[in-house]
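K.L.:
quick one, structure for this:
(one chain, ligands or ions: 1)
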Amino acid sequence: MPALLASLHSDQASLVLECPPNAPPLWRHVGARLEPSGIPTLAETRTPASFSLDQDTPFSTAPAAGLGWFGPACLAARQEGRNLLVVFDQVGVQSEANRIAIHLSDPQTGIELHQTIDLLAGGAFRFGSRLTNTSSETLELEWLASAMIPLAASSAAIVSWHGRHNAELNEAVEPMPVHAWTREIRRGISGHGGAPGLIVLDAGANHHNGMANALQLAWSGNSRLSVERDDEGFWIVSVGAVLEPGEVKLAPGESFAAPEAFLAVSTHGRNGAMAQHHAAMRQRLVWPGGQMRPRPVHLNSWEACYFDHDEERIVALAEAAATIGAERFVLDDGWFKGRKDDAAGLGDWTADPIKYPRGLRPLADRICALGMEFGLWVEPEMINPDSDLYRAHPEWALHSPGRQPVTARNQLVLDLSRTEVRDYLYETLDALLRDIPISYLKWDHNRDLAPPGGHAQVLGTYELLARLRTAHPAVEIEGCAGGGGRSDAGLVPYVHRFWTSDNIDAVSRVPIQRGFQAFLPPEVMGAHVGASPSHATGRSQSLGFRAAVAMMGHFGLELDPRQLDPADSAELAEWIAFYKRWRNLLHQQSIWLGDGADGLLWQAAGTPQEFLLFAIQPGPARNRRPQPLRLPFVKAAGACTIELLRIGGGAKGHAAHRPPLYDGPYTYDGSWLAHAGLPLPPLKAESVAIFHGKAAA
Ligand code: GLA
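P.N.:
Predicted structure coming up:
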C-alpha cells in the first residue's frame, strides 16, 4: 500500500515524511532530491527485530519517551513532580509546496505540539516547534527540541568548532560516535566556539562535493547539540535551548516556543551547505530601509586608544581616518561616566563629564561634518558594582540570594527578565539615540553568566533590541561579546554585523573567518586591519597581508592611522579604495572556500561569471613551485578571464618572482580551472594573491 507522504523539495534535497493517521509523522528521507511517489509504508519494510517491543516505534518528528521509544526525546515535561509520558495520537498534517505544518495533541496530558518545517528560498529548511499546555494544571517544561533529524548510516564525520576569547572557532573534525556526541553550551551566551551548529559529512564529502548536512540553532543562550547513534544503525541529531531547572512553568493555556533551527542538506559539499545558510540568514537580517547598502569602511577606536580619549583626541583620530577613506567612526569603550578603566561605569550611559565635558553631541557633529557616520559602543546588559545604577539598584543584577556576586572583568549582569531593567535600558539608549546623531551601536557583552539568567535573559535581550530597532529603524547594530562570543542566528534579526574576534592577527583570523562563514555571510563579518605587532598575539605582519585578510569581510580599521609610516599610510588608503571598488562583489553574493596544495587556502566571492579569488598562503611554502589551484565552482562558466589584481604581503625579503603570465589578464576555460587548476605565482608566507575572474564576453 503506498504510504501517505508529506514532502519538501529544494534543487538539491528532499525531506520526506510518512503520515500515519494516529501518530506523529515518520521520517522517510532527508537527503538528495528524489521523487517519493508510490513507496511502500515504513511498516511494510520492517520485519520484527528480536528483543523488540511488539508495537514498532520508528523515529518520528516528535519522539516521546516512555512507551516504546528508546532514543532521544523531543520533550521532557512534568506535572506536580510527575514525569509525563506523552502519546500524540491526535494528528493533523498540512502539506504545502514550501511548508509542512504538524499539529499533535495528547488528550491525556493536555500537551499540544505544533511543528513547522519551511523550505526557504536558497534551499535551507527552517524548523519551528511550539508546545501548548491545554491541561488544567501547570506544566513544568524541561526540554523541547527545536529540531530532531535522522542522519543516514553513510554519515562519516562531524565538523564543529570550539574556542575561547581571542581564539574563536577552532574547527574540529571527529568520526561519527559509537554512542553520542554532544556540544552543550552553559555559559549563557553562544560563546567563542561560534554559532550552535555542526556539519555532518558523508564519507568523501569536502568543500565542493558530497553530502553535507549543516544545522544551526537560532539561539544566543544555553543550548545542546547532540548526535546519538540509534541501534538501528543511523544517527539522530537533536538541537534545542537548554532550560534552567524549574524555569519554564506553563499555566493552563500557555505556550512555549523553541528557538528556530536551520538545516542545510547539500549534495555540493560544505560550500553548498554554506550557501543555503547564507541565504537563510539574509532573509532573517532586517536592514534599515529594507535592503543592505554598501558596507561602510569602519574605524573602531578600541585598539587605537583604549580608554584614553577625549573630544580632541577622537576628532584627530577621526580626521586621520576620514583622510584615508574611512566612512564610519565607532567610538568604543571609555566614553561614559566614570569609565577611566574597566573597573567602573557600566550602567551609567551618559558622557563622562571629565573626558567629555560638552557631552557627546559636539563630538558626533564634528565626526559627521567629516563626512563620516558616528557609531557608539555600549554594553547594555552589564553593570559595574562601581556605578550609580548599581548604587541605586543592586537588586537589578543577576544574583543568587545569600551568595557573593561573581564578577568578571569587574562587572555583573543585569537581569533582563525584569521589565523595569529593560525599561531603564530602553529609555537610556533611546535618549542617547534621540539626542546625538548616532547611526550605529556596537553592542557588547563581555562575560559569561554566573549565576545563569536562563531562557528569560535571552528573550529579554531580544525584546530590548527589538524595541530599540522599532523606535530607531535607521540605526545599525553590531553584536559583540569579547569579540565573537555571541555570533549566532538568534541575534541576526536585530544586528547588522558581528565583531568576529578581538584577535586581529591576520594569520589567526584566516581560520576564524572561515568558521564564521560556515553559517553567517561575509557582509556581517567584522574584519579589521589591526596594528602590527598584533595586540592579541604580538606577531608582526605586513600591512598588505592584514588588509587582504580583512577584505574578505566587512572591512574596517582598528589602529591609529597617524602611527603608520607614510608608505603604509598610502598603502592603507589604496586598500580602502580597493575594498570600495569591489565590495559589491564581496557581499550578498556566493562565496566558496577551498584548500590548495602546500597549506594554501582559498576563498572566492561573487558568481561563477564574475568573482574575486583570494589565494591565501598563511605559512611558508615547501614545494619548489606552487601547484595549480583547482576552482570547481567555475566548471561550467565557459571561457573565463583571470587577472591578478594585487598580492597583499610578501613584499619584503628576497625578491618575489612574478611570472610574466601575470602581466595581464589570461583566458582559460572554466573546465581547465576546475580540473587542472589556475597557475599561481609563488607566494611567500603571510601573503594573499587577489584575482579577478570574469566570464569572457
Ligand atoms: C570587548 C570587545 C572589544 C572592545 C572591548 C571594550 O572586548 O570585543 O572590541 O569593544 O570590549 O571594552
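K.L.:
contacting residues around stretch 13-20?
P.N.:
Stretch 13-20 has contacts (Cβ atoms under 8 Å, 6 or more residues apart in numbering) with 3-9, 25-34, 36, 41-42, 61, 91, 93, 100, 117, 119, 123, 125, 265-267. The C-beta positions use only the backbone N, C-alpha and C, and glycine is treated the same way.
K.L.:
then stretch 267-274?
P.N.:
So stretch 267-274 is contacted by 12-13, 32-33, 159, 199, 201, 205-214, 264-266, 275, 517-519, 591-594, 633 (Cβ under 8 Å, 6+ apart).
K.L.:
got the residues of the protein near the ligand?
P.N.:
Contact residues (Cβ under 6 Å from any ligand atom) of the chain with the ligand: W302, D332, D333, W377, D444, N446, C480, G482, G483, W499, D502.
K.L.:
closest one to T641 out of those, please.
P.N.:
Nearest to T641, judged by Cβ to Cβ, of those is W499 at 36.7 Å.
K.L.:
show me what contacts the closest one?
P.N.:
K442, D444, E478, G479, C480, G483, G484, G526 are the contacts of W499 under Cβ under 8 Å, 6+ apart.
K.L.:
before we move on, back to that, just the contacts of stretch 13-20: which are in strands?
P.N.:
Using DSSP state E, the members of those that fall within strands are 5-9, 26-32, 91, 93, 100, 117, 119, 125, 265-266.
K.L.:
how many residues are close by the residue of the stretch 201-350 of the chain at minimum distance from the ligand?
P.N.:
Relative to the ligand, the nearest point of the stretch 201-350 of the chain is D333 (3.5 Å; Cβ to the nearest ligand atom). By the criterion of other Cβ atoms under 10 Å, D333 has 21 neighbours.
K.L.:
just want the angle from the host helix or strand of L15 to strand 5-9.
P.N.:
Per DSSP states H and E: L15 is located in strand 13-18. Counting by axes from the mean of the first three to the mean of the last three Cα atoms, to 10 degrees, strand 13-18 points 170 degrees away from the direction of strand 5-9.
K.L.:
neighbouring strands - and their directions - for strand 13-18?
P.N.:
Strands that pair with strand 13-18, judged by DSSP bridges, come out as strand 5-9 (antiparallel), strand 26-32 (antiparallel).
K.L.:
how far does the first one sit from its chain's centre?
P.N.:
Taking Cα atoms, centre = their mean, to the nearest Å, one finds strand 5-9 lying 28 Å from the centre of the chain it belongs to.
K.L.:
got the contact list for T109?
P.N.:
Neighbours of T109 in contact, by Cβ under 8 Å, 6+ apart: A77, Q79, L84, L85, V86, S135.
K.L.:
tell me the secondary structure for it?
P.N.:
Three-state call for T109 (DSSP: H, G, I helix; E, B strand; the rest coil): coil.
K.L.:
the contacts of stretch 267-274 in strands, which ones?
P.N.:
Judged by DSSP E, the contacts of stretch 267-274 include 13, 32, 159, 199, 201, 212-214, 264-266, 591-594 as members of strands.
K.L.:
out of those residues, what pair is the most spread apart?
P.N.:
Most distant of the ones in strands among the contacts of stretch 267-274, by Cβ to Cβ, are A32 and I591, 23.0 Å apart.
K.L.:
the more surrounded of these two?
P.N.:
I591 (22 against 12).
K.L.:
weed out the non-buried ones from the residues of the chain next to the ligand.
P.N.:
W302, D332, D333, W377, D444, N446, C480, G482, G483, W499, D502 (16 or more other Cβ atoms under 10 Å).
K.L.:
for the fifth one, phi and psi?
P.N.:
With angles defined as degrees, to the nearest 10, D444 shows backbone torsions of phi -100, psi 170.
K.L.:
now that it has come up, it's in contact with C480, right?
P.N.:
Yes - if you go by Cβ atoms under 8 Å, D444 and C480 touch, sitting 4.5 Å apart.
K.L.:
center of this protein, which residue is that?
P.N.:
By Cα atoms, centre = their mean, the chain has its centre lying nearest to D488, at 3.7 Å.
K.L.:
helix, strand or coil: sort out that residue for me.
P.N.:
Under three-state DSSP, D488 comes out as coil.
K.L.:
distance of it from A536?
P.N.:
22 Å (Cβ to Cβ, to the nearest Å).
K.L.:
same thing with L5?
P.N.:
Taking Cβ to Cβ, one finds L5 at 53 Å from A536.
K.L.:
same check, this time on I100
P.N.:
Distance, I100 to A536, using Cβ to Cβ: 46 Å.
K.L.:
the strands in the stretch 551-697 of the chain, which residues?
P.N.:
Using DSSP state E, counting those that start in this stretch, the strands found in the stretch 551-697 of the chain span residues 554-558, 590-595, 601-606, 610-617, 639-648, 666-669, 687-695.
K.L.:
grab the nearest non-local neighbour of G347.
P.N.:
Excluding the flanking residues, the one nearest G347 by Cβ to Cβ, 6 or more residues apart in numbering is L389, at 3.2 Å.
K.L.:
quick check: the one you found touching D348?
P.N.:
Yes - using Cβ under 8 Å, L389 makes contact with D348 at a distance of 5.8 Å.
K.L.:
which residues do those two both contact?
P.N.:
The contact lists of L389 and D348 share no entry, where a contact means Cβ under 8 Å, 6+ apart.
K.L.:
neighbour-wise, which of I100 and A536 wins?
P.N.:
Taking other Cβ under 10 Å, I100 and A536 do not tie; I100 has more neighbours (22 against 19).
K.L.:
show me the beta-bridge partners of the more buried one.
P.N.:
Going by DSSP bridges, I100 forms beta bridges with S95, I117.
K.L.:
what's the answer for Y440, then?
P.N.:
G375, E476.
K.L.:
and it, what is it in contact with?
P.N.:
Per Cβ under 8 Å, 6+ apart, neighbours of Y440: R328, V330, E373, F374, G375, L376, V475, E476, I477, E478.
K.L.:
for these, which one is nearest A531?
P.N.:
Out of the contacts of Y440, the member with the shortest distance to A531 (by Cβ to Cβ) is V330, at 16.3 Å.
K.L.:
quick check: which element contains that closest one?
P.N.:
Per DSSP H and E: strand 328-331 holds V330.
K.L.:
could you name the helices and strands sitting against that strand?
P.N.:
strand 298-300, helix 311-324, strand 373-378, strand 440-443 (3 or more Cβ pairs under 8 Å, 6 or more residues apart in numbering; DSSP states H and E).
K.L.:
tell me which stretches of the stretch 151-300 of the chain form helices.
P.N.:
Along the stretch 151-300 of the chain, the stretches classed as helices by DSSP state H, counting those that start in this stretch are 269-284.
K.L.:
cool, the stretch 501-650 of the chain as well?
P.N.:
For the stretch 501-650 of the chain, the helices defined by DSSP H, counting those that start in this stretch occupy 506-516, 543-550, 566-586.
K.L.:
mind checking which of those is nearest G359?
P.N.:
Here helix 566-586 is closest among the helices of the stretch 501-650 of the chain (Cβ to Cβ), at 30.5 Å.
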